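Peer 1: Please work out how this folds:
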Amino acid sequence: MARFRHRSPAHPPHRRREPEQNSGAVSSLDRSSVRRGLSGSCKGRFSGNQFKMGKGTDKQINLFYCTECEELARKVCDQSDAIQLRTISWRNFDDGFPNILINNAHDIRGQHVAFLACFSSPGVIFEQISAIFALPKLFIASFTLVLPFFPTGTFERMEEEGDVATAFTMARILSMIPKSRGGPTSIVIYDIHALQERFYFGDDVLPCFETGIPLLLKRLQELPDANNITIAFPDDGAWKRFHKQLLHFPMIVCAKVREGDKKIVRIKEGNPKGQHIVIVDDLVQSGGTLIECQKVLAAHGAEKVSAYVTHAVFPNRSWEKFLHNKFEGSGNQFAHFWMTDSCPLTVKAIVDRPPFEVISLAGSIANALQI
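Peer 2: Here you go, the predicted model:
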């Protein structure tokens, strides 16, 4: 026999509750007003100078640095309240080998960590690599290596059997950085010499290639003759590298040609007459090519000539030949020589020495750390 559930008279069937008389005030709130109310409350929580840069969602970064990069690291920290400086004790044993201590290592567990490196000479690479390999193993949430200048970038190929492409060697070393709890290490590099070098890195790291050209563009806009600027490239390689970022400027391309036993610089394309010419390249070593370009541009009627490089390497104090009191002939001086602070030792040497002017990477690095 079928069973039927008995409903007690004390519990009448459920009826939909009619709205109360005063509920109209609530029901009249439309979605837009609710959104406005929410946005207003959020604005109250996150308005003001909570961060010097970015939004309240910026991740907190613990930034370590090598000795040479201390000044740049402090500038990066000044860009954002989301970045906190951390220190490493760089000491040596009596035999000269590194004795390194990452201070307060327990405090960075579960935190986002970055290291600002400068491989200015082979002697400092080992001690920095030792710290770089140790940091991801301290149970951190993520790890970013900022290496503004990739120093072996000009040695990226073989010209004869037996040549060692040290750019590949350096990329292999960096590709061995251990993973953190958050995954592979991110490596931030500015204006690497040859774009194909991105393929030298292994799959266990994530190279992020940035450029200093936006900083140059901002500086050029501040010049009184900003409407009279023409960009010059010292060779085809520099043109291929940078011309797409500078398309709104007239351009000149120079080239080295052989005359007898000498190589001289000639203008391949463009006319510099009456223009403020800005020579653009990724790096400078001795500076000989830049000087030859300046001379040929001035000889063809350039009103004045300036230069920009992202990496001012200048070994053996070769920057001295560009000083206004050292340059050959007052009419052949560079009006401006802009560089970034990717090579800290050079920056310290040329402070307050015309025509040099440093455009800091600090803001760009602070942004890159939030990627």
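Peer 1: the domain parsing of the chain - what is it?
Peer 2: The chain breaks down by automatic domain parsing into domains covering 61-210+364-368, 214-340.
Peer 1: what's the closest non-adjacent residue to Q196?
Peer 2: Distances taken as C-beta to C-beta, 6 or more residues apart in numbering put E156 closest to Q196, at 7.2 Å, once the chain neighbours are dropped. Just so you know, the C-beta spots here come from the backbone N, C-alpha and C atoms, and that holds for glycine as well.
Peer 1: Now do the contacts for the one you found.
Peer 2: 165, 167-168, 193-194, 196-197, 200 (C-beta atoms under 8 Å, 6 or more residues apart in numbering).
Peer 1: with those in mind, which one is nearest to L220?
Peer 2: H193 (23.0 Å; C-beta to C-beta).
Peer 1: need the contact list for the residue lying closest to the closest one once chain neighbours are set aside.
Peer 2: Leaving aside its chain neighbours, H193 sits nearest to G153 (3.3 Å; criterion: C-beta to C-beta, 6+ apart). Counting by C-beta under 8 Å, 6+ apart, G153 makes contact with 167, 192-194, 197, 283.
Peer 1: Repeat the analysis, applying 6 Å as the threshold.
Peer 2: 167, 192-193 (C-beta atoms under 6 Å, 6 or more residues apart in numbering).
Peer 1: could the domains of the chain go into CSV alongside mean pLDDT and distance to P355?
Peer 2: Output for the domains of the chain, formatted as CSV (pLDDT from 0 to 100; distance: least, C-beta to C-beta, whole Å):
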stretch, mean pLDDT, distance to P355
domain 61-210+364-368, 95, 21
domain 214-340, 93, 5
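Peer 1: Out of the ones you listed, flag the one nearest R353.
Peer 2: domain 214-340 (6.0 Å).
Peer 1: rewinding a little: out of the contacts of G153, who's the most crowded?
Peer 2: Compared across the contacts of G153, I192 has the highest neighbour count, 25 neighbours, by other C-beta atoms under 10 Å.
Peer 1: so that residue makes contact with F150?
Peer 2: Yes - with contacts counted by C-beta atoms under 6 Å, I192 reaches F150, the gap being 5.0 Å.
Peer 1: so where do the strands sit in the stretch 251-371 of the chain?
Peer 2: 251-259, 262-269, 276-284, 304-312, 337-340, 356-359 (DSSP state E, counting those that start in this stretch).
Peer 1: CA atoms only: put the fifth one into CSV for me.
Peer 2: So that's strand 337-340. Extracted in CSV, the C-alpha atoms of strand 337-340 (Å, rounded to 0.1, in the frame of the first residue of the first chain):
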residue,chain,number,x,y,z
PHE,A,337,76.1,62.2,-24.0
TRP,A,338,73.2,60.3,-22.3
MET,A,339,73.6,57.0,-20.6
THR,A,340,71.8,54.9,-18.1
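Peer 1: For it, give me every contacting residue.
Peer 2: In contact with strand 337-340 (C-beta under 6 Å, 6+ apart) are residues 212, 307-310, 312, 322, 355-357, 359, 361.
Peer 1: Run the chain-centre distance for it.
Peer 2: Chain-centre distance of strand 337-340: 15 Å, with C-alpha atoms, centre = their mean, to the nearest Å.
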